[in-house]
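1. Quick check, what structure comes out for this input:
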Amino acid sequence: MMPGPDQVVACPMCGGLAHHITLFSGNTFGARIWTDGKEIAPMMPSPPAIVKCHHCEECYWLAEAEKVGTFNWWEDNDEQVNPDWLKAKAVQEPTEVEYFRALERGLARNSDEERTLRVLAWWRRNDAFRDHLETDAGGIESTPETWRKNLEALAHILDEEDENDSLMKAEVLRELGEFKLARQILGRVNSSEAARIVRELRSLCDNGDMSVRELRFNT
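-> The predicted structure follows:
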């Protein structure tokens, strides 16, 4: 991994500054992939697609923020860098509840953006369990009812004509405990590329497992 300069951005709502990493190059060495579709690649980190402003506390799409400038922490040229950029905090990902609040406030302007927001909220909750599956895991803010409503809405959006969406919908249903429905969808995914994922998800359904799990592609 070779880091690039930090990118300074301005919040579209209030103009408050934040910064995030960039990369000159990266790789997927050591990457982990989970049943909910999230991939964690230590050698290819990326900023969140949606961030919460440190100043006005509103959420916004990072891609829509104004790019104010860049700077390198490792170069001895502080006198050439705007001091406000150096004081800016790193971008922060919203919590699960903050994702839901952003949905309520209309951050998603179409079904594709709603899908993204709901997936990110789902992943955010699952983050607390990825390495602590046998504990209650801290950091969970929403109620089970709110979590369930989000997954039910996401399942409604996902397109079963798309293979990736079908796999995700099967996983959503599995985590909701709808094992029979999940297996029915998995039975309609026939590509060789998805066979290993289908096999693992079907095995989890057969075991009555509702937890997010790391995909290990067991044979």
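2. neighbours of the spatially closest residue to Leu151 that is not a sequence neighbour, just the number please.
-> Among residues not flanking Leu151 along the chain, Val172 sits closest, at 5.0 Å (CB to CB, 6 or more residues apart in numbering). Heads up, the C-betas are built off the backbone N, CA and C, glycines and all. Residues lying near Val172 (other CB atoms under 10 Å) number 26.
3. Tell me which stretches of this structure form strands.
-> Using DSSP state E, the strands of the chain run over 2-3, 6-10, 17-20, 23-25, 32-33, 39-40, 50-52, 59-61, 66-71, 89-90.
4. other SSEs contacting the first one?
-> For strand 2-3, the elements it packs on are strand 23-25, judged by 3 or more CB pairs under 8 Å, 6 or more residues apart in numbering; DSSP states H and E.
5. Low-confidence regions, this structure specifically.
-> When residues are selected by pLDDT under 70, those of the chain lie in 74-79, 133-142, 217-219.
6. Break it into its domains for me.
-> 2-90, 96-206 (automatic domain parsing).
7. Over to the last one now: how far is its first residue from its last?
-> Going back to what we said before, that points to domain 96-206. Using CA to CA, to the nearest Å, the gap from the first to the last residue of domain 96-206 comes to 29 Å.
8. cool, and stretch 9-17?
-> As for stretch 9-17, its first-to-last residue distance stands at 6 Å under the measure CA to CA.
9. Which residues does that stretch contact?
-> 8, 18-20, 53-56, 58, 60, 62, 64-68, 84-85, 87-88, 91 (CB atoms under 8 Å, 6 or more residues apart in numbering).
10. If any of these are buried, give me the ChimeraX selection for them.
-> The buried residues among the contacts of stretch 9-17 can be selected in ChimeraX (16 or more other CB atoms under 10 Å) with this line:
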select :8,18,19,20,53,54,58,60,62,65,68,85,88,91
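11. Bridged to Ser25, which residues?
-> Met2 (DSSP bridges).
12. Just list the residues touching the residue nearest to Leu151, thanks.
-> 122, 151, 154-155, 158.
13. go again using 10 Å as the cut-off
-> The contact partners of Val172, by CB atoms under 10 Å, 6 or more residues apart in numbering, come to 36-37, 118-119, 122, 150-156, 158, 178, 181-182, 185.
14. The strands of the chain: which one's closest to Asn207?
-> Closest to Asn207 of the strands of the chain is strand 32-33 (CB to CB; 19.5 Å).
15. longest helix anywhere in this structure?
-> For the chain, the longest helix by residue count, based on DSSP state H, is helix 111-127.
16. picking up where we left off before, can you redo the strands of the chain as JSON lines with distance to Arg130?
-> Compiled in JSON lines, these are given as follows (distance: least, CB to CB, whole Å):
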{"stretch": "strand 2-3", "distance to Arg130": "24"}
{"stretch": "strand 6-10", "distance to Arg130": "27"}
{"stretch": "strand 17-20", "distance to Arg130": "22"}
{"stretch": "strand 23-25", "distance to Arg130": "23"}
{"stretch": "strand 32-33", "distance to Arg130": "8"}
{"stretch": "strand 39-40", "distance to Arg130": "8"}
{"stretch": "strand 50-52", "distance to Arg130": "20"}
{"stretch": "strand 59-61", "distance to Arg130": "23"}
{"stretch": "strand 66-71", "distance to Arg130": "32"}
{"stretch": "strand 89-90", "distance to Arg130": "21"}
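17. Out of the ones you listed, which gets nearest to Ala195?
-> Of all the strands of the chain, strand 32-33 sits nearest to Ala195, with 15.2 Å by CB to CB.
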